[in-house]
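In: With the sequence up front, the predicted model follows.
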Amino acid sequence: MERLPRVVVVGAGFAGLAAARALAGRPIDVAIVDQHNFHTFEPLLYEVATAGLEPTDVAYPVRTIFGREPNIAFRYGKVGGIDLDARSVSLEDGTRLDYDYLVVATGATAGFFGIEGAARHTRPLYTLADARRLRNQLLGVLEEADAHPERFDGGPSFVVVGGGPTGVEMAGALVELLSVSVRSDRLRIDPARTRIVLLDVADHLLTAFRSAAGGYAAATLRQRGVDIRLGQRVTEVTANGVHLADGSVIRADVVVWAAGITVEGTLAASLPAPTTGGGRVEVGADLSLASHREVFVVGDAAAAPLGHGKEGVTPQLAQGAIQSGRHAGQQILRRVAGQPATPFSYRDKGIMATIGRRAAVAQLPRVPVIGGTLGWLAWLGLHLVYLIGFRNRLLVLLNWSWRYFNWPSGPRLIVEDVPAVTPR
Ligand SMILES: Cc1cc2nc3c(=O)[nH]c(=O)nc-3n(C[C@H](O)[C@H](O)[C@H](O)COP(=O)(O)OP(=O)(O)OC[C@H]3O[C@@H](n4cnc5c(N)ncnc54)[C@H](O)[C@@H]3O)c2cc1C
């Protein structure tokens with residue numbers, strides 16, 4: 001009997017899941033490999049970091065997602081290398097997985113852009129572990145400021161570097177964490193003396209949005225007490241604070257790094273293919289490599305052309321990942337069926353960022369930027385729709401309602417990190 005075509009999908013993010021889903025129920029053997037045994041809903045990581053949501057609210061086991069799909073197997077492990085000639089990937093435990101088609105969906109990582117001390121003294125927000133570490137540090141600093149106010153020169157200082165959606169969301173959520181810590185937890189901290197500073201090198205926030213969004217975000221955050229400093233280039237980060245190009249230093253107890261991402265250093269970057277800015281792998285119109293048509297690169301890792309005759313590449317957003325992953329899966333089905341390839345075409349469904357309680361910006365195609373409560377409701381609804389799993393949607397809705405109505409308590413727990421059995 002002839003064997004079924006084998007597809008290996010590396011990465012269970014938005015792109016990898018979409019690729020595997022497109023192959024579900026088909027006469028194809030699919031192995032999805034990830035270094036975590038869960039899918040992470042990255043857009044809500046800042047909520048975990050600021051103790052608004054639990055880690056389990058934003059993560060979902062990959063085995064559960066594909067539990068009813070007998071042709072999709074999950075393999076927990078980190079892929080260390082790809083042998084394009086032998087058509088196999090090697091896991092760090094020495095296992096080899098052979099493929100007929102490979103989908104590389106390994107995402108990106110935090111980019112520190114060579115800024116001295118940034119990797120060492122800041123907290124990035126890219127994985128669930130990052131979010132847990134950041135939460136521990138934020139809550140730890142707040143407790144320390146309560147116990148030893150003399151060590152804090154008036155009050156704690158939190159600096160967020162990067163005024164894109166992640167930085168804006170972090171700054172807004174920090175305001176809420178601080179307010180609930182003082183109001184409900186009775187931490188002896190003077191909010192007026194606590195600093196939340198949001199820095200960006202650009203002259204406005206949310207540069208990927210239309211300018212109205214950045215203006216609204218800045219006005220709302222300033223009104224909530226965030227010190228926004230624009231046109232500021234970070235040159236160095238030390239244990240004490242953030243150094244700026246103008247020679248000034250901002251004292252910081254926690255520095256959140258939300259300044260950008262890179263594909264350099266990830267598995268996708270090891271492919272022998274040309275890359276664009278940020279190490280994104282150049283792919284053809286059908287999202288496969290020009291040199292190896294059986295290898296597809298999708299999601300944040302790829303510089304996928306927008307298609308439809310439009311110049312530019314697909315944005316590193318959840319929609320870009322979902323659409324490109326799905327397209328790669330569909331192309332594999334076409335190849336297996338002996339049909340010709342079809343070009344990828346990105347459909348812009350808009351972008352959103354929340355600024356905090358009842359304030360968000362939603363930029364939808366052909367519609368003016370929506371702000372305020374309406375924007376926030378749109379943001380809330382969309383995130384619930386795209387969260388994986390009914391249980392997670394319900395838990396997130398409950399947690400958000402809990403906080404919205406100001407009921408006491410929430411997941412403000414400092415839980416020491418327990419060493420995990422990491423895949424080798
Ligand atoms: C904090 C934050 C907030 C965001 N907010 C938004 C938002 O509001 N809206 C929006 O549209 N987008 C948002 N994004 C961007 C969006 O999350 C990404 O564009 C999307 O997750 C990319 O999907 P992906 O599948 O390409 O990569 P990822 O989702 O990053 O998944 C990559 C997967 O590959 C796995 N992996 C990597 N290397 C290996 C390896 N060697 N072996 C095995 N497994 C590996 C990782 O563990 C991970 O599970 C946000 C991103 C972050 C970090």
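Out: Ah, there it is. Residues are numbered from 1 along each chain as shown.
In: Which residues are in contact with the residue of the stretch 1-150 of the chain found nearest the ligand?
Out: Among the residues of the stretch 1-150 of the chain, Gly13 lies nearest to the ligand; the distance is 2.0 Å by C-beta to the nearest ligand atom. Heads up, the C-betas are built off the backbone N, CA and C, glycines and all. Neighbouring residues of Gly13 by C-beta atoms under 8 Å, 6 or more residues apart in numbering: 39-40, 42, 105, 107, 299-300, 321.
In: any idea which of those has the most stuff around it?
Out: Within the contacts of Gly13, Gly299 tops the neighbour count with 35 neighbours, counted by other C-beta atoms under 10 Å.
In: thought that residue was touching Gly325?
Out: Yes - at 6.0 Å, Gly299 and Gly325 qualify as touching, with contact defined as C-beta atoms under 8 Å.
In: what about the helix or strand hosting Arg222, near the ligand?
Out: Assigned by DSSP states H and E, Arg222 falls within helix 211-223. No - figure legend: helix 211-223 not in contact with the ligand (C-beta under 6 Å from any ligand atom); closest approach 13.0 Å.
In: quick revisit: now go through the contacts of Gly13 and say which are in helices.
Out: Among these, the residues falling in helices (DSSP state H) are Ala321.
In: Could you dump the contacts of Gly13 into TSV with pLDDT and distance to the ligand added?
Out: TSV is the format used below for those (pLDDT from 0 to 100; distance: C-beta to the nearest ligand atom, whole Å):
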residue	pLDDT	distance to the ligand
His39	96	7
Thr40	96	6
Glu42	96	3
Ala105	98	5
Gly107	98	2
Gly299	98	2
Asp300	98	4
Ala321	97	3
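In: Quickly check the contacts of Gly13 for the two that are furthest apart.
Out: When C-beta to C-beta is used, the two most widely separated members of the contacts of Gly13 are His39 and Asp300, lying 14.3 Å apart.
In: list residues touching both of Gly299 and Gly325?
Out: Joint contacts of Gly299 and Gly325 (C-beta under 8 Å, 6+ apart) are 14-16, 105.
In: which of the residues you listed tops the neighbour count?
Out: Neighbour-wise, the shared contacts of Gly299 and Gly325 (other C-beta under 10 Å) top out at Ala15, 35 neighbours.
In: wait, what's in contact with that one?
Out: Ala15 sits next to 103, 105, 107, 298-301, 321-322, 324-325, 328 when contact means C-beta under 8 Å, 6+ apart.
In: Same list (these) but as TSV, adding distance to Tyr346.
Out: TSV is the format used below for the contacts of Ala15 (distance: C-beta to C-beta, whole Å):
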residue	distance to Tyr346
Val103	17
Ala105	16
Gly107	17
Val298	12
Gly299	12
Asp300	13
Ala301	15
Ala321	11
Ile322	11
Ser324	8
Gly325	12
Ala328	13
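In: Pull the residues that contact stretch 263-282.
Out: Applying C-beta under 8 Å, 6+ apart, the set of residues contacting stretch 263-282 is 10, 79-82, 84, 104, 106-109, 111, 260-262, 283, 289-291, 295, 297, 300-303, 313, 316.
In: again, only using 7 Å
Out: If you take C-beta atoms under 7 Å, 6 or more residues apart in numbering as the criterion, stretch 263-282 is touched by 10, 79, 82, 104, 106, 108-109, 111, 261-262, 289, 291, 297, 300-303, 313.
In: Put the alpha carbons of it into PDB.
Out: The C-alpha coordinates for stretch 263-282 follow below in PDB (Å, rounded to 0.1, in the frame of the first residue of the first chain):
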ATOM      1  CA  VAL A 263      13.200  36.700  13.100                       C
ATOM      2  CA  GLU A 264      17.000  36.600  13.400                       C
ATOM      3  CA  GLY A 265      18.200  33.800  15.600                       C
ATOM      4  CA  THR A 266      15.100  31.600  15.000                       C
ATOM      5  CA  LEU A 267      14.900  28.400  13.100                       C
ATOM      6  CA  ALA A 268      13.400  30.100  10.000                       C
ATOM      7  CA  ALA A 269      16.500  32.300   9.800                       C
ATOM      8  CA  SER A 270      18.700  29.200   9.400                       C
ATOM      9  CA  LEU A 271      17.100  28.400   6.000                       C
ATOM     10  CA  PRO A 272      19.300  29.100   3.000                       C
ATOM     11  CA  ALA A 273      17.000  31.800   1.700                       C
ATOM     12  CA  PRO A 274      17.200  35.600   1.200                       C
ATOM     13  CA  THR A 275      15.800  37.600   4.100                       C
ATOM     14  CA  THR A 276      14.300  41.100   4.300                       C
ATOM     15  CA  GLY A 277      14.300  43.600   7.300                       C
ATOM     16  CA  GLY A 278      14.200  41.900  10.600                       C
ATOM     17  CA  GLY A 279      15.300  38.600   9.200                       C
ATOM     18  CA  ARG A 280      12.000  37.600   7.600                       C
ATOM     19  CA  VAL A 281      12.400  34.900   5.000                       C
ATOM     20  CA  GLU A 282      11.500  35.800   1.400                       C
END
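In: Going by neighbour count, list what's buried in it.
Out: 263, 266-269, 271, 273, 275, 278-282 (16 or more other C-beta atoms under 10 Å).
In: Next step: the contacts of stretch 263-282 restricted to strands.
Out: The members of these that map onto strands under DSSP state E are 10, 79, 82, 104, 109, 261-262, 297, 302-303, 313.
In: Look up the closest residue to Gln323, ignoring the ones flanking it.
Out: Tyr346 (6.0 Å; C-beta to C-beta, 6 or more residues apart in numbering).
In: same check, this time on Ala15
Out: Gly299 (2.8 Å).
In: so where does the residue nearest to Gln323 fall, helix or strand?
Out: Applying DSSP H and E, one finds Tyr346 in no helix or strand.
In: before we move on, back to that, got the buried residues of stretch 263-282 as JSON lines, with pLDDT and distance to Tyr60 columns?
Out: Shown next, in JSON lines, are those (pLDDT from 0 to 100; distance: C-beta to C-beta, whole Å):
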{"residue": "Val263", "pLDDT": "98", "distance to Tyr60": "24"}
{"residue": "Thr266", "pLDDT": "97", "distance to Tyr60": "22"}
{"residue": "Leu267", "pLDDT": "98", "distance to Tyr60": "22"}
{"residue": "Ala268", "pLDDT": "98", "distance to Tyr60": "23"}
{"residue": "Ala269", "pLDDT": "96", "distance to Tyr60": "27"}
{"residue": "Leu271", "pLDDT": "97", "distance to Tyr60": "28"}
{"residue": "Ala273", "pLDDT": "95", "distance to Tyr60": "31"}
{"residue": "Thr275", "pLDDT": "96", "distance to Tyr60": "31"}
{"residue": "Gly278", "pLDDT": "92", "distance to Tyr60": "28"}
{"residue": "Gly279", "pLDDT": "95", "distance to Tyr60": "28"}
{"residue": "Arg280", "pLDDT": "98", "distance to Tyr60": "26"}
{"residue": "Val281", "pLDDT": "98", "distance to Tyr60": "27"}
{"residue": "Glu282", "pLDDT": "97", "distance to Tyr60": "31"}
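In: Kind regards, and thank you for your time.
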